[in-house]
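>>> any chance you could fold what I've pasted below:
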Amino acid sequence: MIPSKKFSGYAGAICLLVAAFIACNGKASEKESLPLDTPVTIERFDRELPTYVQEGDTAASARFRERYAPFFPIYCRQILGLGDAPDFREGLNLFLTHEAIAQLYTDTESRFAGDSVWTTDLQQAFARYHEQFPQSTLPRILTHVSGLNQSIVTIDSLLSISLDCYLGADYPLYAQRYYDYERGLHESNRIAFDAVEVWLRTAYPYQSKRNALLDRMVYEGKILYALTSLFPDVDIYRLLGYTDSQAQWCRDNEAEIWHQVVARKHLFNTESMLINKYVEPATFVAVLHAESPGRLGRWIGYQIVSRYARDKKKSAAEMLGTTDDAGEILAESKYNG
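The predicted structure follows:
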């Protein structure tokens, strides 16, 4: 975490802000669909912000704020915690000149100066998204520097990526901010996965009347099934951030994993703490097995959903378009580990 208290995290400050692995609660606002050949552009808000802070032309400053509405005030208030100022310049200047932030800004610009792989991956994934989800909204995409706060921010039909959260597992400041098991999820090659995943969760939020582990696993399986469709050259284990040995453990122990979940009566358990142990990042699933990789519940959900979708010939859009049907999907999939 950045040492200055003034610019430390505000993770709970607003429900619009989400880490890459946490579901958003609101749907994207309605907007006319764009044609498939319309490119998804990526605007570098982070590169333009320092110029705004030093800008002496009042009209030019106003144009900047207008161009980046509604993101700009939310960035200043909720992400950076700068209070409620007319133009936020004083607070932004303090932020940008803070020693740790200045270094973070320099390192981010250096790391992403010539890296276009993630932008291509992101654009191609959203082109597939628009094709496979024809009623969908394509987001306006920005990039920003958050001081290692939220990785991805969504506001209506806008999505912004905090590039300083993707400087690589070995980036020095990450040892202060992330657990060891999380650091591998902060490589630049995961930007596209995370951004599209958050957008899917925003457009198709988790809904369940019962809210049991099975319901959450099936929802996670639907998200992963959609991601495999939008990233057809990427396997499920890479999407989950698993190592080769973790992937092999899952394959070798699939039947026993399922047996243990059922035998321990976890499948219909509604305790949020237990559910989180199955689906959130962790060293291992503490309620299951010391060698099990974190987020194993997501992997189980994918096995169930992918089998059901394949047998029923259901698309990703069709799967995400139905809710509160986990029991039916499990029964029809005939999944038994």
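>>> what's near enough to touch Glu254?
Gln303, Gly337 (Cβ atoms under 8 Å, 6 or more residues apart in numbering). C-beta coordinates here come from the backbone N, C-alpha and C atoms, glycine included.
>>> quick one, phi psi at it?
phi -60, psi -50 (degrees, to the nearest 10).
>>> again, but for His289
phi -160, psi 140.
>>> hmm, it is touching Gln260, no?
Yes - with contacts counted by Cβ atoms under 8 Å, His289 reaches Gln260, the gap being 7.2 Å.
>>> mind listing the helices for the stretch 151-300 of the chain?
Ranges of helices within the stretch 151-300 of the chain are 174-177, 180-183, 191-203, 213-230, 236-240, 244-252, 254-263, 272-279, 296-312, based on DSSP state H, counting those that start in this stretch.
>>> tell me how far the closest residue to Trp249 other than its chain neighbours lies from Gln248.
The shortest distance from Trp249 to any non-neighbouring residue, by Cβ to Cβ, 6 or more residues apart in numbering, is to Glu291 (6.0 Å). The spacing between Glu291 and Gln248, counted by Cβ to Cβ, to the nearest Å, is 11 Å.
>>> could I get the helices of the stretch 151-300 of the chain as JSON lines with mean pLDDT?
Shown next, in JSON lines, are the helices of the stretch 151-300 of the chain (pLDDT from 0 to 100):
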{"stretch": "helix 174-177", "mean pLDDT": "92"}
{"stretch": "helix 180-183", "mean pLDDT": "90"}
{"stretch": "helix 191-203", "mean pLDDT": "96"}
{"stretch": "helix 213-230", "mean pLDDT": "97"}
{"stretch": "helix 236-240", "mean pLDDT": "96"}
{"stretch": "helix 244-252", "mean pLDDT": "95"}
{"stretch": "helix 254-263", "mean pLDDT": "94"}
{"stretch": "helix 272-279", "mean pLDDT": "94"}
{"stretch": "helix 296-312", "mean pLDDT": "96"}
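>>> can I get those helices in JSON lines with distance to Gly147?
Output for the helices of the stretch 151-300 of the chain, formatted as JSON lines (distance: least, Cβ to Cβ, whole Å):
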{"stretch": "helix 174-177", "distance to Gly147": "10"}
{"stretch": "helix 180-183", "distance to Gly147": "17"}
{"stretch": "helix 191-203", "distance to Gly147": "18"}
{"stretch": "helix 213-230", "distance to Gly147": "28"}
{"stretch": "helix 236-240", "distance to Gly147": "27"}
{"stretch": "helix 244-252", "distance to Gly147": "31"}
{"stretch": "helix 254-263", "distance to Gly147": "39"}
{"stretch": "helix 272-279", "distance to Gly147": "26"}
{"stretch": "helix 296-312", "distance to Gly147": "29"}
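>>> stretch 117-125: which residues count as buried?
Trp118, Thr119, Asp121, Leu122, Gln123, Gln124, Ala125 (16 or more other Cβ atoms under 10 Å).
>>> ok, now stretch 302-316?
Tyr302, Gln303, Ile304, Val305, Ser306, Arg307, Tyr308, Ala309, Lys314, Ala316.
>>> hmm, who's touching it?
132-133, 217-218, 220-222, 224-226, 228-230, 236, 254, 318-319, 329-330, 332-335.
>>> what's around the nearest residue to Val305 once chain neighbours are set aside, how many residues?
Distance criterion Cβ to Cβ, 6+ apart; nearest residue to Val305, sequence neighbours excluded, is Gly221 at 3.4 Å. Neighbour count of Gly221, defined by other Cβ atoms under 10 Å: 28.
>>> how near is Gly221 to Leu94?
Using Cβ to Cβ, Gly221 is found at 45 Å from Leu94.
>>> OK, contacts around the closest residue to Gly321 other than its chain neighbours?
Leaving aside its sequence neighbours, Gly321 sits nearest to Tyr204 (Cβ to Cβ, 6+ apart; 7.7 Å). Going by Cβ under 8 Å, 6+ apart, Tyr204 touches Lys222, Ile223, Leu320, Gly321.
>>> measure Tyr204 to Ala85 for me?
Remark: distance between Tyr204 and Ala85 (Cβ to Cβ) = 36 Å.
>>> per-residue pLDDT of Gln207, please?
Gln207 carries a pLDDT value of 91.
>>> what sits against it?
Gln207 makes contact with Thr323, Asp324, according to Cβ under 8 Å, 6+ apart.
>>> angles on the backbone of it, please.
Dihedral pair for Gln207: phi -140, psi 130, per degrees, to the nearest 10.
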